[in-house]
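predicted model and sequence follow; I will ask about them next.
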Amino acid sequence: MFVVTFDGKLLMNARALEDVDLEALARKKDVFVGVPLTKSEARRLLVDMYDACSAAAATFAGKRRRRRRPSAR
């Protein structure tokens, strides 16, 4: 959905945008049409990605804690 360019720009896949006509590209495979994000959008994306990664990590950590068995002594 997103890509970082070699010069540090963040691009969003244009297929995610409703107002972009991608009819010709829809018939092709492995095509990425990037739309540059503004600095404000990039900051919001980083916050959202951090939150999403934290939530995913908490889910996995919680499942591992529930699976642990008491050690035999």
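Cool, the structure landed.

from here on, contacts and neighbour counts on C-alpha atoms
Will do.

after the least confident helix or strand in the chain by mean pLDDT comes which helix or strand?
The helix or strand of the chain with the poorest confidence is helix 23-26; it has a mean of 61 (mean pLDDT, DSSP states H and E). Using DSSP states H and E, the helix or strand that follows helix 23-26 towards the C-terminus is strand 34-36.

what pairs with that following strand, parallel or antiparallel?
strand 10-13 (antiparallel) (DSSP bridges).

okay, buried residues for the partner strand please.
10, 11, 12 (16 or more other Cα atoms under 10 Å).

what's the burial count for the residue nearest to the second one when sequence neighbours are not counted?
So the one you mean is residue 11. Among residues not flanking residue 11 along the chain, residue 36 sits closest, at 4.4 Å (Cα to Cα, 6 or more residues apart in numbering). Neighbour count of residue 36, defined by other Cα atoms under 10 Å: 18.

adjust the sequence numbering to begin at 54 for everything that follows.
Got it, first residue is 54 now, which makes that one residue 89.

give the buried residues for the top helix by length along the chain.
Taking DSSP state H as the criterion, the chain has its longest helix at helix 92-120. For helix 92-120, burial by neighbour count (16+ other Cα under 10 Å) applies to residue 95.
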